[in-house]
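Participant: just a sequence and a predicted model for now, questions to come.
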Amino acid sequence: MTNDTLDRSSIIELLTVTPADELYRRADEVRREAVGDDVHLRGLIEFSNICRNDCLYCGIRRGNRQVQRYRMTEEELVETAKRAAALGFQTIVLQSGEDLHFDQARMCRIIDQIKRLDVALTLSVGERDYEDYKAFRDAGADRYLIRIETTDRDLYHRLNPGMSWEHRHECLLMIRELGYELGSGIMVGLPGQTVESIADDLLYLKDICIDMAGIGPFIPHPETPLANESGGTLEQALRTMAVMRLLMPDINIPATTAMESLHPQGRIMALQAGANVVMPNVTEGEYRRLYELYPGKICVNDTPAHCRSCIGLKIRSIGRTIGQGRGGHKKR
Ligand code: SAM
Ligand code: FES
């Protein structure tokens, strides 16, 4: 059976029985053959931690009264993007809670200004309606990141009160139809999540033809209802990510920040187990600390310039190169 025709039972075997080193080596080989040694960098701006949702796992959920809330002004946001572009980032990612202060008109103004910097632009602002997604796309947004989180409908509805899995799925389809590069993904180690459901998640992501897969461990946040859960392990997350690479050889797969929160070399380990993208945080000052989805977030006291050079050194230390272009999905 070739990698990209793996069936559910082979996926489960890879996730559980196959020696981890062997799986990582295979994913690393497939990554090298399909997308080469370049590691693409994306500058991540976390521009608001205000959210209308109450996801049980998330540190910035509406119900967490301990969070000091912030939202950047349009000017701050665009300035942050300019500085990231000046540091050499050719993709900017804008992420926030679901904060409707950033309505269609405001988002389009921001997108328009950032696109003048001659960068690729990724949005990660959650569920919006078709008109918003279309307007953002027309304004110049290139990519959209929205994790499905899990394909276990019951688990999703337990973890995301007031939300609908079917609606999130529809959002993914709309985004794809509008011609964005589509990024999605899951958390690994959610309470009640099974290895069978993770295999289904991976097959789902393949089925909807994603261009980018963000896979990270769930890390319990002390100010959430899941504070006492055990969370995902680095190995579970790396294994899942490696199998994703086998299933979809040429997509973009980031070494997620949550992996490095569990282990000081987490992102490097991920880059050697199938990943080919890193998303350094280019948010500035206090905001870095206040966007706390989970505890142990890395680099909260660093500057964007420091993070850019630190990750550059790490990447080169394992014999990889920094991607020079925008690093979109090759098939496009
Ligand atoms: N609001 C947007 C959305 O929902 O797509 C983007 C922001 S949301 C905070 C980004 C991602 O953070 C989620 O899709 C989820 O997978 C991840 N996340 C949230 N809480 C987490 C936790 N405790 N541990 C690990 N990842 C978490
Ligand atoms: Fe909205 Fe986490 S609950 S971003």
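Facilitator: Good, I have the coordinates. The model shown is predicted, which means the values in this text are computed figures rather than measured ones. Numbering: from 1, shown residues only. Ligands and ions are numbered 1, 2, ... in the order given.

Participant: could you use CA atoms for every contact and neighbour count after this?
Facilitator: OK.

Participant: the strands in the stretch 151-300 of the chain, which residues?
Facilitator: If DSSP state E, counting those that start in this stretch is used as the criterion, the strands of the stretch 151-300 of the chain fall at 181-188, 212-217, 277-278.

Participant: so can I have JSON lines of those showing mean pLDDT?
Facilitator: Shown next, in JSON lines, are these (pLDDT from 0 to 100):
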{"stretch": "strand 181-188", "mean pLDDT": "98"}
{"stretch": "strand 212-217", "mean pLDDT": "98"}
{"stretch": "strand 277-278", "mean pLDDT": "98"}
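
Participant: how about those in a markdown table, adding distance to residue 228 and mean neighbour count?
Facilitator: Shown next, in a markdown table, are these (distance: least, CA to CA, whole Å; neighbours: other CA atoms under 10 Å):
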| stretch | distance to residue 228 | mean neighbour count |
| --- | --- | --- |
| strand 181-188 | 16 | 24 |
| strand 212-217 | 15 | 25 |
| strand 277-278 | 30 | 25 |
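
Participant: looking at these, which is nearest to ligand 2?
Facilitator: Checking the strands of the stretch 151-300 of the chain against ligand 2 by CA to the nearest ligand atom gives strand 181-188 as the closest, at 12.7 Å.

Participant: by contact count, what packs against the closest one?
Facilitator: With contacts defined as 3 or more CA pairs under 8 Å, 6 or more residues apart in numbering; DSSP states H and E, the packing partners of strand 181-188 are strand 143-145, helix 165-177, helix 195-207, strand 212-217, helix 234-247.

Participant: residue 125 is nearest to which of those?
Facilitator: strand 143-145 (8.0 Å; CA to CA).

Participant: stretch 136-153 close to ligand 1?
Facilitator: Yes - contact between stretch 136-153 and ligand 1, assessed by CA under 6 Å from any ligand atom, occurs at 146, 147, 149.

Participant: how near is the closest residue to the last one other than its chain neighbours to residue 36?
Facilitator: Yep, that's residue 149 we're talking about. Excluding its sequence neighbours, the residue lying closest to residue 149 (CA to CA, 6 or more residues apart in numbering) is residue 186, at 4.0 Å. Using CA to CA, to the nearest Å, we find residue 186 at a distance of 24 Å from residue 36.

Participant: for residue 316, same thing?
Facilitator: 14 Å.

Participant: more neighbours: those two, which one.
Facilitator: residue 36 (16 against 12; other CA atoms under 10 Å).

Participant: contacting residues for the more buried one?
Facilitator: Shown in contact with residue 36 (CA atoms under 8 Å, 6 or more residues apart in numbering): no residues.

Participant: rewinding a little: for the residue nearest to residue 149, list each beta-bridge partner.
Facilitator: residue 149, residue 215 (DSSP bridges).

Participant: hmm, it is touching residue 214, no?
Facilitator: Yes - using CA atoms under 8 Å, residue 186 is in contact with residue 214, at 6.7 Å.

Participant: where do the contact lists of these two overlap?
Facilitator: residue 147.

Participant: ok, longest helix in the chain?
Facilitator: helix 20-35 (DSSP state H).

Participant: could you check how far the next helix or strand after that helix is from the centre of its chain?
Facilitator: The helix or strand immediately downstream of helix 20-35 is strand 38-41, counting by DSSP states H and E. Chain-centre distance of strand 38-41: 15 Å, with CA atoms, centre = their mean, to the nearest Å.
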